[in-house]
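Engineer: Dropping a prediction and its sequence here:
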Amino acid sequence: MPVVNRIADFSEDMKIWRRRLHQIPELGLETVKTAAYVTEILEGFGVDEIHGGIASNGIVAIINGRGEGPTIGLRADMDALPITEPEGAEYRSTHPGNMHACGHDGHTTMLLGAARYLAETRNFAGRVALLFQPAEEVTGGARIMVEEGVMDRFDIAEVYALHNSPGLPEGAFLTAPGPLMAAVDTFTIHITGLGGHGAMPHETRDPVMAACGMAQAIQTIVSRNHHATEDLVISVTQIHTGTADNVIPETAFINGTIRTFNPDVQRMVMTRLDEIVKGCAVAYGVRAELDYEVGYPATINDAAKAAFAADVARDISGASQVEADGGREMGAEDFAYMLQARPGAYLFLGQGETAGLHHPDYDFNDAIAPVGASFFARLVEKAQPVV
């Protein structure tokens with residue numbers, strides 16, 4: 001079964017919603033205008049309940065079906081990124097320095113499209129809880145929503161989400177049973193030495209050399225301290241130090257990211273990082289402080305729910321367009337917290353050959369919005385059929 005006809009009928013409305021959302025990108029938990037616009041649209045659909053102010057500016061909207069049944073949760077993220085959008089698009093960001101460069105405007109639109117259809121037809125049992133979440137990119141809005149009790153408050157039994165995927169064929173779906181995306185941690189190292197004249201290094205304790213030594217040693221964790229069959233990425237992404245060519249600075253700063261799936265591997269990295277930082281500090285005669293921040297956990301699909309969601313995707317896009325065991329990747333996603341709280345699944349929806357996520361030239365492909373909305377709608381109808 002292809003895109004739902006009724007959803008196709010209002011695809012132009014969805015384009016209008018999406019492009020308006022694109023013009024008002026907001027960061028983190030501060031999705032004030034976005035939440036107001038989403039609420040205004042939901043009120044026009046006649047949903048049964050709208051609960052705002054969750055995780056600051058998150059929304060939970062309820063649509064009642066026909067007869068008794070469980071509550072299924074559908075989630076969309078609403079926040080944007082601190083990226084300046086290039087000139088050109090008629091619906092360009094009106095918030096300078098902010099941009100929907102990850103397609104959350106499209107995710108929100110797909111869920112709004114499903115909401116409109118489900119509120120009109122109500123061809124399902126039980127209830128649908130529409131979860132419009134802030135702060136996916138930072139902070140972890142999903143974690144806050146879970147901690148504020150949305151799963152218990154609205155009696156959500158299972159939960160699903162979609163993310164657009166540049167490079168995946170337009171309208172294709174990809175997911176996997178079990179681990180899909182990695183846990184993400186961050187490390188920061190502050191190095192303090194003794195600065196001085198660049199011509200007299202013997203009178204200094206050089207934090208630049210210490211930073212270089214630490215950065216190289218950190219890479220040996222991947223190459224020498226973990227089993228080759230375990231997924232692990234450690235990337236040093238920032239080294240900041242110095243102000244002039246003839247001055248050895250006093251301090252240096254190192255920052256990076258760690259991606260894992262196995263908690264044992266994560267703990268090993270924590271231990272080795274601590275040992276390397278302390279050892280290098282002694283070797284180079286400097287002081288060094290390690291700050292290790294545990295971030296989003298791994299995104300782990302419930303195997304049965306992922307298989308069910310893949311079946312629904314086949315109904316929408318056809319069997320050849322669905323990869324149900326597509327492997328895992330090292331990106332991260334705070335929907336992981338919702339999957340820790342309830343069984344469910346996360347899927348990627350192809351948007352064709354476009355600029356990549358988090359790139360200034362990225363733009364959500366409006367053609368896939370009806371596909372995602374149809375997926376959400378059919379998922380509900382198939383999971384909770386009217387008896």
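Structural biologist: That came in fine, so what should we check first?
Engineer: so what are the domain limits for the protein?
Structural biologist: By the assignment in automatic domain parsing, the chain contains the domains 5-181+298-383, 183-294.
Engineer: For the shortest one, measure first residue to last.
Structural biologist: Criterion CA to CA, to the nearest Å; first-to-last residue distance in domain 183-294 is 9 Å.
Engineer: Could I get the buried residue list for stretch 364-375?
Structural biologist: Across stretch 364-375, burial judged by 16 or more other CB atoms under 10 Å covers 364, 365, 366, 368, 369, 370, 371, 372, 373, 374, 375. C-betas here are computed from N, CA, C, even on glycine.
Engineer: Same question for stretch 51-66.
Structural biologist: By 16+ other CB under 10 Å, the buried positions in stretch 51-66 come out as 54, 55, 56, 57, 58, 59, 60, 61, 63, 64, 65.
Engineer: What of stretch 204-223?
Structural biologist: For stretch 204-223, by 16+ other CB under 10 Å, it's 204-215, 217-218, 221-222.
Engineer: and if you look at stretch 308-322?
Structural biologist: Under the neighbour-count criterion of 16+ other CB under 10 Å, stretch 308-322 has 308, 309, 310, 312, 313, 314, 315, 316, 317, 321, 322 buried.
Engineer: What is the nearest of those to residue 256?
Structural biologist: Comparing the buried residues of stretch 308-322 against residue 256 with CB to CB places residue 309 closest, at 33.8 Å.
Engineer: Show me what the helix or strand where that closest one lies is packed up against.
Structural biologist: Assigned by DSSP states H and E, residue 309 falls within helix 303-317. With contacts taken as 3 or more CB pairs under 8 Å, 6 or more residues apart in numbering; DSSP states H and E, helix 303-317 sits against strand 156-165, strand 173-174, strand 322-323, strand 344-350, helix 369-383.
Engineer: Find the nearest non-adjacent residue to residue 293, please.
Structural biologist: Spatial nearest neighbour of residue 293, chain neighbours left out: residue 186 (4.5 Å); criterion: CB to CB, 6 or more residues apart in numbering.
Engineer: so how far is stretch 331-340 from its chain's centroid?
Structural biologist: Chain-centre distance of stretch 331-340: 8 Å, with CA atoms, centre = their mean, to the nearest Å.
Engineer: returning to what we had before: check the offset of the helix holding residue 309 from the chain's centre.
Structural biologist: Chain-centre distance of helix 303-317: 21 Å, with CA atoms, centre = their mean.
Engineer: Report the mean per-residue pLDDT for that helix.
Structural biologist: Averaging pLDDT along helix 303-317 gives 98.
Engineer: Give me the contact list for that helix.
Structural biologist: The contact list for helix 303-317 (CB atoms under 8 Å, 6 or more residues apart in numbering) reads 1-3, 158, 160, 171-173, 175-178, 321-322, 324, 343-345, 347, 371, 374-375, 378-379, 382-383.
Engineer: rerun at 6 Å
Structural biologist: With contact meaning CB atoms under 6 Å, 6 or more residues apart in numbering, helix 303-317 is reached by 1, 171, 173, 175, 177-178, 322, 324, 343-345, 347, 374-375, 378-379, 382.
Engineer: Quick one: the buried residues of stretch 364-375 as TSV, columns for pLDDT and distance to residue 85 too.
Structural biologist: Formatted as TSV, the buried residues of stretch 364-375 follow (pLDDT from 0 to 100; distance: CB to CB, whole Å):
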residue	pLDDT	distance to residue 85
364	98	12
365	98	16
366	98	16
368	98	20
369	98	20
370	98	25
371	98	25
372	98	23
373	98	25
374	98	29
375	98	28
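Engineer: Starting from the helix or strand where residue 293 lies, tell me which strands it pairs with and how they run.
Structural biologist: Using DSSP H and E, residue 293 falls within strand 287-294. According to DSSP bridges, strand 287-294 has the following sheet partners: strand 183-192 (antiparallel).
Engineer: which residues touch the nearest residue to residue 250 once chain neighbours are set aside?
Structural biologist: In space, and not counting its chain neighbours, residue 250 is closest to residue 195: 3.9 Å by CB to CB, 6+ apart. Listed by CB under 6 Å, 6+ apart, the contact set of residue 195 reads 248, 249, 250.
Engineer: Mind giving me the packing neighbours of the longest helix seen in the chain?
Structural biologist: When the chain is parsed with DSSP state H, its longest helix is helix 263-284. If you count contacts as 3 or more CB pairs under 6 Å, 6 or more residues apart in numbering; DSSP states H and E, helix 263-284 packs onto helix 207-224, strand 287-294.
Engineer: let's see 10 Å
Structural biologist: strand 183-192, helix 207-224, strand 232-241, strand 251-260, strand 287-294 (3 or more CB pairs under 10 Å, 6 or more residues apart in numbering; DSSP states H and E).
Engineer: Only alpha carbons, please: show it as PDB.
Structural biologist: In PDB, the C-alpha atoms belonging to helix 263-284 read as follows (Å, rounded to 0.1, in the frame of the first residue of the first chain):
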ATOM      1  CA  PRO A 263      29.300  -0.600  28.400                       C
ATOM      2  CA  ASP A 264      32.400  -2.600  29.100                       C
ATOM      3  CA  VAL A 265      34.200  -0.800  26.200                       C
ATOM      4  CA  GLN A 266      32.900   2.500  27.500                       C
ATOM      5  CA  ARG A 267      34.300   1.800  31.000                       C
ATOM      6  CA  MET A 268      37.700   0.700  29.500                       C
ATOM      7  CA  VAL A 269      37.900   4.000  27.600                       C
ATOM      8  CA  MET A 270      37.200   6.000  30.800                       C
ATOM      9  CA  THR A 271      40.000   4.100  32.600                       C
ATOM     10  CA  ARG A 272      42.600   4.400  29.800                       C
ATOM     11  CA  LEU A 273      41.900   8.100  29.200                       C
ATOM     12  CA  ASP A 274      42.500   8.800  32.900                       C
ATOM     13  CA  GLU A 275      45.700   6.800  32.800                       C
ATOM     14  CA  ILE A 276      47.000   8.500  29.600                       C
ATOM     15  CA  VAL A 277      46.200  12.000  30.900                       C
ATOM     16  CA  LYS A 278      47.900  11.400  34.200                       C
ATOM     17  CA  GLY A 279      50.900   9.600  32.700                       C
ATOM     18  CA  CYS A 280      51.500  12.300  30.000                       C
ATOM     19  CA  ALA A 281      51.200  15.000  32.600                       C
ATOM     20  CA  VAL A 282      54.000  13.500  34.500                       C
ATOM     21  CA  ALA A 283      56.100  12.800  31.400                       C
ATOM     22  CA  TYR A 284      55.800  16.400  30.100                       C
END
